[in-house]
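J.: After the sequence you'll find the predicted model.
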Amino acid sequence: METSRRTVLAAAAATGLTVAAASTAYAADGADGARQGRKPVKELFGTLPDGTKVHRWTLENGGTRLKVLSYGGIVQSLEIPDRRGRYANVSLGFDNLDDYLGATAFFGALIGRYGNRIAGGRFTLDGTSYQLSVNDGGNSLHGGAQGFDKRVWDVEPFADTTGVGLVLRYVSVDGEMGYPGTLRVKVTYTLTGRGDWRIDYAATTDRATVVNLTNHAYYNLAGEGSGDVLGHELRLAASRYTPTDATLIPTGERAKVAGTPFDFRHGKLIGEDIRTAHPQLVLAKGYDHNWVLDKGITERPEPFATLRDPGSGRTMRIATTEPGVQFYSGNFLDGTLAGPSRRTYRQGDGLCLETQHFPDSPNQPSFPSTVLRPGATYRSATVHSFSAR
């Protein structure tokens with residue numbers, strides 16, 4: 001499918017790419033894997049209390065290195081070079097399994113069955129009410145107390161002309177964390193020949209349910225343990241966002257970002273307005289909101305975000321098929337967790353850009369639907385591209 005000129009121009013304006021680059025950078029036709037990369041490498045990472053082994057897979061292609069755990073589908077490390085070619089891990093996390101088991105920050109994890117919050121952990125579908133696992137005050141967050149981030153996934157590696165990667169599979173049984181239907185989930189991580197990291201999500205169900213899958217990587221393009229990300233530059237192609245109540249549940253409004261600290265349309269430093277006494281920033285202790293992407297839901301990933309660290313020159317551009325993104329500025333990192341650098345993670349030391357449908361959509365009829373029915377397939381894709389200058 002050809003990209004329309006209007007989409008190309010919008011992509012270029014949103015991300016800073018040239019028009020030519022914007023028309024090709026996120027094409028999903030496999031052409032970016034012109035050469036076959038190195039085969040994924042598997043190693044033992046640790047053992048769960050019940051004796052289940054957790055493995056780590058290392059992927060390398062196009063100048064990007066990615067390390068993924070079978071536990072939670074966690075991205076344990078993402079290494080990219082700076083403008084001088086020096087590599088650094090730009091993803092927060094841990095170097096041992098025990099720390100992942102004890103933490104509640106969702107570092108690098110696959111999130112499901114429903115990413116983000118559902119009010120009161122309740123929703124009604126086809127006249128039946130469901131009570132979910134509640135793990136965030138009175139709300140359900142990221143699938144509940146034992147979401148997909150705490151499950152061991154079946155992992156199958158591959159290396160072909162599309163790139164190198166992993167196919168992760170998990171079966172969520174009917175009633176797990178309160179959700180109806182047996183959900184069969186397939187997530188594919190691919191490193192392309194250009195070094196892009198692509199995530200493809202797919203799921204089917206045998207009973208009507210709700211689904212909203214995402215990845216919860218925390219980024220610091222200066223390198224893990226280097227300090228805060230307030231000096232990073234962020235651009236988001238989003239004219240509206242969804243304000244929340246005191247428990248961070250959307251009110252249902254799609255408010256304009258113009259004239260507020262939530263306006264990242266032209267790019268600005270994350271720290272520029274984060275301490276403004278805006279009521280929404282006070283509630284969330286920073287940014288922890290869903291932005292309504294101007295592009296809406298798309299068949300193929302379209303660019304919407306550019307994140308850059310001026311010091312290292314590292315730049316990440318993101319494209320997605322999803323209608324929203326949760327920008328979380330690491331507000332609740334409190335110094336109690338330490339990463340591989342042996343430095344503690346404090347407020348703002350990493351940020352998340354979680355591509356998604358909107359929070360609490362099962363209770364918000366005006367939001368895009370997250371209902372999946374038997375016979376249909378849930379599909380979503382997000383692409384991360386890296387450069388340095």
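T.: Done, it's in.
J.: what about the strands in the stretch 201-350 of the chain?
T.: Ranges of strands within the stretch 201-350 of the chain are 209-210, 214-215, 233-236, 240-242, 255-256, 268-269, 288-292, 302-308, 314-320, 324-328, 334-338, 344-346, based on DSSP state E, counting those that start in this stretch.
J.: Within its sheet, name the partner strands of the second one and how each one runs.
T.: Right, strand 214-215. Strand pairing for strand 214-215, using DSSP bridges, gives strand 110-111 (antiparallel).
J.: Ok, the fourth one next?
T.: According to DSSP bridges, strand 240-242 has the following sheet partners: strand 255-256 (antiparallel), strand 288-292 (antiparallel).
J.: quick one: which of these is nearest Leu110?
T.: Across the strands paired with strand 240-242, the minimum distance to Leu110, taken as CB to CB, is reached by strand 288-292, at 18.9 Å. Backbone N, C-alpha and C define where each C-beta goes, glycine included.
J.: That closest one to strand 324-328, inter-axis angle?
T.: Using axes from the mean of the first three to the mean of the last three CA atoms, to 10 degrees, the direction of strand 288-292 lies 150 degrees away from that of strand 324-328.
J.: about what we covered before: with mean neighbour count, mean pLDDT and distance to Ser385 as added columns, please give the strands of the stretch 201-350 of the chain in CSV.
T.: Shown next, in CSV, are the strands of the stretch 201-350 of the chain (neighbours: other CB atoms under 10 Å; pLDDT from 0 to 100; distance: least, CB to CB, whole Å):
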stretch, mean neighbour count, mean pLDDT, distance to Ser385
strand 209-210, 24, 98, 30
strand 214-215, 28, 98, 15
strand 233-236, 21, 98, 14
strand 240-242, 22, 98, 24
strand 255-256, 14, 98, 29
strand 268-269, 14, 98, 21
strand 288-292, 24, 98, 19
strand 302-308, 25, 98, 9
strand 314-320, 25, 98, 5
strand 324-328, 25, 98, 16
strand 334-338, 13, 96, 29
strand 344-346, 18, 97, 26
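J.: what's the closest of these to Leu248?
T.: So among these, strand 288-292 is nearest, using CB to CB, at 6.2 Å.
J.: quick one: the closest one to strand 302-308, angle?
T.: Following the same axes, to 10 degrees, one obtains 140 degrees for the angle between strand 288-292 and strand 302-308.
J.: Would you mind giving the strands of the stretch 201-350 of the chain as TSV with distance to Lys186 added?
T.: Below are these laid out as TSV (distance: least, CB to CB, whole Å):
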stretch	distance to Lys186
strand 209-210	16
strand 214-215	14
strand 233-236	29
strand 240-242	29
strand 255-256	36
strand 268-269	38
strand 288-292	25
strand 302-308	23
strand 314-320	18
strand 324-328	22
strand 334-338	31
strand 344-346	31
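J.: Can you tell me which of those strands is nearest to Thr161?
T.: strand 314-320 (20.9 Å).
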